[in-house]
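A.B. asks: sequence plus the predicted model coming up.
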Amino acid sequence: MATTPADLTSFIEATCGSGALRVEENLGAGYVRLRVAEAERRQAKHDIRCIEDVVIEMLRNARDAGARHIYVASSREGDTRTIVMLDDGQGIPLSMHKKIFEARVTSKLESVHVDKWGVHGRGMALFSVKENVESASVVSSAPGKGCAIKVVSDASKLAERADQSTWPQVTHDEDGGELCVRGPHNIIRTCAEFALEERGSCEVYLGSPAEIVATAHARAPRATSDTDLLFIDDLSELSVLTRLRVAGDARELLEQALALGLDMSERTAHRIISGQIKPLRSIASQLTASEPRPHGEVDLSRTHKGMKMTKADKDSFALEMEKAFSYVSKRYYVRLSSDPKVRVSSNKITVTFEMEDID
């Protein structure tokens, strides 16, 4: 009978103890040279110190995969924290769904990404995540169809900030130039700092699973035409975000949400379809709406050149217009397909609502 590597490993561990598998060379005087696998495991344990570290590594991974839209669903029951991240990046082949969590596995052979959080592209990020949480898996992904990754952690083992509900404030730095995000170093702030840093390259949405489903259902870009949908037998053939976008009724929406790791009830799905659970605004738009104004700048003024409005006021006004649109939505069975667009000229404010029918 042939001996497998697993059989040999078990024999060595039973005979010599597990320590023999971690050591490459005994150097004497209490010193040893660790095997590569053991050194990597210890490094991975050091890389991730809290759930917020897990979130930033997942965000960076989605960005490096070319994602333009990232949806982060976060929930906690007891000590169990669940993070489901959806994106419209390049996707992962089925054969790599498990391998991407192994050490030194990366798609960035010719390049690495250096950002404010350090070097990304060593093939250690998802390995580090996997080593520090209870479970980490690719729920659904394929080339060109985005990705859904689910991570479950135990707060009694992997720390997280006690205050996970406070939103950060945006302020200028000491020189009055760069914008800074201040507040508890929780999951919200982690996503906010990333969203501000990557503003213009990708949008980030953060909320409960139900809020994320509602947002993707209302706002995710429609990558498939209605005509093409007629020839699709299974929505799983579509990209991750499109599946939630095109779900026609509560049953279908619930089915797709659960398939992507987003836990919710049938009642919640009905509330989303009926418009009772409102879609989220992107984190960047919420941050810029609270962006501080330079000293001396007024909120809204008239000069000899006519009306001027700051970007922050435009964003806040657009939010109020979105709330007002709900009146039309309920009466005429339509919904917004994107955020209201506000354009200010010398003597006129124009608000454009892009909308679609509610099936």
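C.D. replies: Yes, it's here. Please read all numbers here as calculations on a predicted model, not as lab measurements.

A.B. asks: how's this structure carved up into domains?
C.D. replies: Per automatic domain parsing, the structural domains of the chain span 5-34, 45-273, 295-357.

A.B. asks: Serialize those domains to a markdown table and add fields for distance to P279, mean pLDDT and mean neighbour count.
C.D. replies: Backbone N, C-alpha and C define where each C-beta goes, glycine included. Shown next, in a markdown table, are the domains of the chain (distance: least, CB to CB, whole Å; pLDDT from 0 to 100; neighbours: other CB atoms under 10 Å):
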| stretch | distance to P279 | mean pLDDT | mean neighbour count |
| --- | --- | --- | --- |
| domain 5-34 | 49 | 58 | 11 |
| domain 45-273 | 4 | 88 | 18 |
| domain 295-357 | 8 | 73 | 13 |
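
A.B. asks: which stretches in the protein count as helices?
C.D. replies: Remark: helices assigned in the chain by DSSP state H are 5-16, 19-22, 36-47, 51-64, 125-132, 187-197, 209-219, 226-229, 240-246, 250-259, 266-273, 283-289, 311-332.

A.B. asks: make a markdown table out of those and add distance to C180.
C.D. replies: Shown next, in a markdown table, are the helices of the chain (distance: least, CB to CB, whole Å):
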| stretch | distance to C180 |
| --- | --- |
| helix 5-16 | 50 |
| helix 19-22 | 43 |
| helix 36-47 | 25 |
| helix 51-64 | 17 |
| helix 125-132 | 25 |
| helix 187-197 | 9 |
| helix 209-219 | 26 |
| helix 226-229 | 45 |
| helix 240-246 | 31 |
| helix 250-259 | 36 |
| helix 266-273 | 35 |
| helix 283-289 | 11 |
| helix 311-332 | 16 |
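
A.B. asks: quick one, which of these gets closest to I70.
C.D. replies: helix 51-64 (4.9 Å; CB to CB).

A.B. asks: kindly export the closest one (C-alpha atoms) in CSV.
C.D. replies: Extracted C-alpha coordinates of helix 51-64, given in CSV (Å, rounded to 0.1, in the frame of the first residue of the first chain):
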residue,chain,number,x,y,z
ILE,A,51,-11.8,42.2,12.8
GLU,A,52,-11.1,45.7,11.3
ASP,A,53,-7.8,44.4,9.9
VAL,A,54,-9.8,41.6,8.2
VAL,A,55,-12.2,44.2,6.6
ILE,A,56,-9.4,46.3,5.2
GLU,A,57,-7.6,43.3,3.7
MET,A,58,-10.8,42.2,2.0
LEU,A,59,-11.5,45.7,0.7
ARG,A,60,-7.9,46.0,-0.7
ASN,A,61,-8.3,42.6,-2.3
ALA,A,62,-11.6,43.7,-4.0
ARG,A,63,-10.0,46.9,-5.2
ASP,A,64,-7.0,45.1,-6.6
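
A.B. asks: follow-up on the earlier one: with distance to R281 added, can I get the domains of the chain in a markdown table?
C.D. replies: As requested, these are exported to a markdown table (distance: least, CB to CB, whole Å):
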| stretch | distance to R281 |
| --- | --- |
| domain 5-34 | 48 |
| domain 45-273 | 8 |
| domain 295-357 | 7 |
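
A.B. asks: tell me which of these approaches L287 most closely.
C.D. replies: Of the domains of the chain, nearest to L287 by CB to CB is domain 45-273, at 5.2 Å.

A.B. asks: so how far is the closest one off the chain centroid?
C.D. replies: From the chain centre to the centre of domain 45-273 is a distance of 3 Å (CA atoms, centre = their mean, to the nearest Å).

A.B. asks: tell me the centre residue of the chain?
C.D. replies: The chain has V72 as the residue nearest its centroid, 3.5 Å off, counting by CA atoms, centre = their mean.

A.B. asks: ok so, going back, nearest to W117, out of the helices of the chain?
C.D. replies: Nearest of these (CB to CB): helix 51-64, 5.9 Å.

A.B. asks: for that closest one, packing partners?
C.D. replies: If you count contacts as 3 or more CB pairs under 8 Å, 6 or more residues apart in numbering; DSSP states H and E, helix 51-64 packs onto strand 69-77, strand 80-87, strand 113-115, strand 118-120, helix 125-132, strand 147-154, helix 187-197.

A.B. asks: ok, which of the ones you listed comes nearest P93?
C.D. replies: Among the helices and strands packed on helix 51-64, strand 147-154 comes nearest to P93, with 11.0 Å by CB to CB.

A.B. asks: for L94, what are its contacts?
C.D. replies: 141-142 (CB atoms under 8 Å, 6 or more residues apart in numbering).

A.B. asks: er, L196 actually
C.D. replies: By CB under 8 Å, 6+ apart, L196 lies in contact with 170, 179, 181, 284, 287.

A.B. asks: cool, V204 as well?
C.D. replies: 59, 70-72, 191, 194-195, 198, 282-284.

A.B. asks: switch the cut-off to 6 Å
C.D. replies: The neighbours of V204, taking CB atoms under 6 Å, 6 or more residues apart in numbering as the test, are 70, 191, 195, 283.

A.B. asks: nearest residue to it other than its sequence neighbours?
C.D. replies: With CB to CB, 6 or more residues apart in numbering as the criterion, V204 has its nearest non-adjacent residue at 4.2 Å, and that residue is A195.
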